[in-house]
Each structure stands twice: as C-alpha cells, then as structure tokens.
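>>> just a sequence and a predicted model for now, questions to come.
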Amino acid sequence: LSRFMTFFRMVRLALYPSLIISSVFMINVLLIPPAFAVKVIKMSFVSQHVENLDHTPWLAQYKAIVPDDYDPEHEEYSVVYWFHGMGGNYNGFHEYFRGGEAMDEAFQLGHNRFIVISANFSVRKFGDETYNGKPILDSYGLNASEPKPGDPKAQFEDFFLYELVPHVEQHFSVIAQKSARAAAGLSMGGYDALIYSIKYPHLFGVVGAHSPTLRSLEQVGAYKKQFGSVGFKNNNYYLNDPITRLTVFAETLPAHLFLDIGGSDPWLGRAQECERVLAKHAPEMKDYEYRFEIGTDPGGGHHEDYWRWHLKKDPDGMSYGYVSWWADHLEPVRKKAAVSEPVPAIEAPAIEPPVINQSSTEQPSVQLPEENKTSKKNIFNPFKRIKKFLGNKNEL
C-alpha cells in the first residue's frame, strides 16, 4: 500500500504543472480579447483650421481601421468617416465600441470590405469648460460662428473638408467618389453625419445617423451657455439644423440613409420629427433609400451598450447591424487601374446664412439681401425657401 501511495503522489506531482498551464490557458482565452481581421494605422498632421484652447497648434489625429488583407498597391476601398460622440475621441470606434470586431464579423460573412477613418473632433487642453471633469471644446463638427476675441480657432467643418478628407485620399488607397464615401456616427457624431451629408451632398452617398442628438432651438440655448463658440450661435441654427434643411432643401438628401434611435432615448422625439420630414419627401426622390428604426435592446437608451450591440448585431428585427449596412451600400473593393487619375479638389458649396432679427420675441423673420430682392432671373433662391419655412414653421 505504501508503494502504491508513493506512486500516486509522484503521478499527481507530475500532473500539477500541466494542470496549471491548462488553467492559465483557459483564463487567457476567456479574458484576453481576440485579435480581429483588421489593422489599425495611426495618422496625424498639424491643422491650419483648429487650435488648442491655449492657441498652440492642434495636432489632428485619426486612426484608419483597414482590412487585414489591405492591399494599397492593387486595390481601392470605400471609406467610412466615423464621427465620435460628445466627450469621445478617435479611439472610441475601435477600442471602446469594438468596431474592429464588427468589421471582422461583417467581412467574414461576405459583406464588402472597407476602411473606417476615426478622427478627433474635440480639443482638450487648458480649457475652462469641462465634460466629465476634462477640459474640452466639443465642436459638434461645425465651424465656430461669431467667435469672441481671444477664442481659439475652431473651424471643424473646414478641417474636415479641406484637410482630413484630402489627407486620407492622399495616404490611403480609397475610391475618391461619392458612392464610395460614407458618413456615420453616434450621438453628437450621428448629428455630424446627418448634417454633413445634407450640407455637402456631393461628398457622401451613404449615411449612418445613429442615435443623433438633434437639438431644438431651445436646447441649443442651454448648450451655448457651456460651449458658446460652436456653429449653432445666432442665425446659424437654421442652417445647421438637419430638420430645417431637410424641409427647405429636400433635394440634398443622401442616396442611402440609415437613421436609428433607441425607444427610450431622450432624443427620440426629434428623431421621429426628422423621420416625418424624410417620409414626406421620399416619394419625390429618385434612387433614394432611407431606413428609420427604433431599437429596444439592450435597453433602447442613449448609451454604449446599445451602440456596441447594434454595430454588429440586431435582436430587434432591424434588417442590418450598422457595419454590415454600410458595407452593403458602399462600392465594393475594386482593382486599381494601372495609371490612377488625379483626385479632384473638394470644394464646399458656399451658402450664405439668412439674416434673422434677434430683437423680437416673435417668430424670426428673414430679410433677403438686396441683390436677391431685385433680381429678375428665375433661379433657385435658398433665401425664399428659408423665408417660407420660417413663416410656416407650425407645419412641421
């Protein structure tokens, strides 16, 4: 018996290391996030349109999330420009919301491969205003309107149009055309994606406006007390409100639009108002598609669990998760031509804001410039449309 017990002890001691190794392996499998079939490339440049809050040069940073088999020498890809939410940054899509995982899953299921560009749209240095205790200037993606003396340069629309997009198209193998560009984002970024696609319809053919924070004029008043230099200031509200622009300039709708929001999201009412405008104008549009979905799981709120889930999966019966929907409406990967044609310069359309009388408590009135009053040419006049809209605002 003593020989048997000695042999048993020796076998048990011999097995201990393998048991420990197996346990460590299982813990690693369970706790360490798996690697996904995407690569992350970090890029930066000094912006000429944005400054830090102390007026020092602002380093524009972005991450390009590309397929693992990204082949810039032989292939060209569609691109999704991702706009983060308030308080977010360029790390959010890949690291916080697991966007790389969603892309990998979509690619393995056979959806079109594409590139995501996730850039910073916030300045965080030496500021007086804070968001969750951090000095910050959240731009809402807009050019600062009527900045006060001493305010830092904060022209985020110009940064996007004249710096970020050209930089991406110079350094990455992307298809430089409308049908191969998407604008997508969540919360504040959902607003950015929607308003950019409306104001600059020549740039984007696909838009994902996810849980967009569409502020009313009254809500903007409270927002301006914290961030006074953003583009909502004074009469610019109407030019930067998606619902107003969809009503007045219906012909600028993107070709493919996915608007969704949680059923218990505090911004649900405004999103439904936007959907009513879309539904009204949809029959007039050719080759136009929009989807409007109200999600309920997980929780249907305005929070990260909802967005992580809906980036790739959809328990509510939505036709797509976000990523696969973008992929299926963008241009597929194409073989690169032997000689690439030069990328045309991007020019933003010049739209003059209406002059709105702020001294009256009644509904604002629009005063047309003299040249538009006296012109006898039968041309498209955006000021007349805005005037008509402001005079019949109750029809929304």
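Cool, the structure landed.
>>> what about the helices in this protein?
Taking DSSP state H as the test, the helices found in the chain are 2-31, 99-108, 156-159, 165-171, 188-199, 217-226, 236-239, 242-248, 268-281, 304-312, 322-329, 370-374, 382-391.
>>> for the last one, what does the pLDDT average out to?
Regarding helix 382-391, the rounded mean pLDDT is 54.
>>> over to the first one?
Per-residue pLDDT values over helix 2-31 give a mean of 53.
>>> try the fifth one
Average pLDDT, helix 188-199: 92.
>>> for stretch 253-265, same thing?
Averaging pLDDT residue by residue across stretch 253-265 gives 89.
>>> same check on stretch 91-108?
In this model, stretch 91-108 carries a mean pLDDT of 88.
>>> likewise stretch 296-310?
Averaging pLDDT along stretch 296-310 gives 84.
>>> alpha carbons only: can I get it in PDB?
Taking Å, rounded to 0.1, in the frame of the first residue of the first chain, the C-alpha atoms of stretch 296-310 are listed here in PDB:
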ATOM      1  CA  THR A 296     -35.400  48.400 -27.700                       C
ATOM      2  CA  ASP A 297     -32.400  46.100 -26.800                       C
ATOM      3  CA  PRO A 298     -30.200  46.400 -24.800                       C
ATOM      4  CA  GLY A 299     -32.500  48.900 -23.000                       C
ATOM      5  CA  GLY A 300     -33.100  51.100 -26.000                       C
ATOM      6  CA  GLY A 301     -31.300  54.000 -24.300                       C
ATOM      7  CA  HIS A 302     -28.600  56.500 -25.200                       C
ATOM      8  CA  HIS A 303     -25.600  54.500 -24.000                       C
ATOM      9  CA  GLU A 304     -22.700  52.400 -25.100                       C
ATOM     10  CA  ASP A 305     -24.400  49.000 -24.600                       C
ATOM     11  CA  TYR A 306     -27.000  49.900 -27.200                       C
ATOM     12  CA  TRP A 307     -24.400  51.100 -29.700                       C
ATOM     13  CA  ARG A 308     -22.000  48.200 -29.200                       C
ATOM     14  CA  TRP A 309     -24.800  45.700 -29.800                       C
ATOM     15  CA  HIS A 310     -26.200  47.400 -32.900                       C
END
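>>> got the buried residues for it?
298, 300, 301, 302, 304, 306, 307, 308, 309, 310 (16 or more other CB atoms under 10 Å). Yep, even glycine has a C-beta here, placed from its N, CA and C like the rest.
>>> the fourth one against residue 210, yeah?
If I follow you right, that is residue 302. No. Contact status for residue 302 versus residue 210: not in contact, 10.5 Å apart, counting by CB atoms under 8 Å.
>>> what sits in contact with each of these two?
Residues touching both residue 302 and residue 210 comprise residue 187, with contact defined as CB atoms under 8 Å, 6 or more residues apart in numbering.
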